[in-house]
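[1] missing the sequence, but the structure's below:
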């Protein structure tokens, strides 16, 4: 599955977080969050995991909410993360 910067931006806005606050919670710079959202950098998997953990805390996310391309072994109704 491909998780794009625009998807992360959407989740950040839904969580009512600024780039600066998200960066503080994740442990990266605000500039790095901006570059991720703009698709200018490919973040480490560990960084994406930290971002998703912060943005999805207490929420159940379905694959169909994040998919842009087909995913092997996952259906749109499958839960991928529940924090």
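    Great, that's in hand. All of these numbers come straight from a predicted model, not from anything done at the bench.
[2] for residue 6, give me the pLDDT.
    In the predicted model, residue 6 carries a pLDDT score of 87.
[3] likewise for residue 25?
    On pLDDT, residue 25 comes in at 95.
[4] same question, residue 10
    So, for residue 10, pLDDT stands at 89.
[5] am I right that it is in a strand?
    No - Residue 10: not assigned to a strand; according to DSSP: H, G, I helix; E, B strand; the rest coil it is helix.
[6] neighbours of it, how many?
    15 (other CB atoms under 10 Å). The C-beta positions use only the backbone N, C-alpha and C, and glycine is treated the same way.
[7] what does residue 42 give?
    Residue 42: 11 neighbours (other CB under 10 Å).
[8] give the contact list for the closest residue to residue 55 other than its chain neighbours.
    Using CB to CB, 6 or more residues apart in numbering and skipping the chain neighbours, the partner closest in space to residue 55 is residue 11 (4.2 Å). Residues near residue 11 by CB atoms under 8 Å, 6 or more residues apart in numbering: 52, 55-56.
[9] can you get me a residue count around residue 22?
    23.
[10] other SSEs contacting the one helix or strand it maps to?
    Per DSSP states H and E, residue 22 falls inside helix 19-26. Packed against helix 19-26 by the contact rule (3 or more CB pairs under 8 Å, 6 or more residues apart in numbering; DSSP states H and E) you find helix 30-38, helix 45-55.
[11] okay, the ones you listed, which one's buried deepest?
    Burial of the helices and strands packed on helix 19-26 is given as mean neighbour count (mean count of other CB atoms under 10 Å); helix 30-38 ranks first at a mean of 18.
[12] okay, the angle between it and helix 45-55?
    90 degrees (axes from the mean of the first three to the mean of the last three CA atoms, to 10 degrees).
[13] report the angle between helix 30-38 and helix 19-26.
    Using the same axes, to 10 degrees, helix 30-38 lies at 100 degrees relative to helix 19-26.
[14] adjust the sequence numbering to begin at 7 for everything that follows.
    Got it, the first residue is 7 from now on, which makes the last one we talked about helix 36-44.
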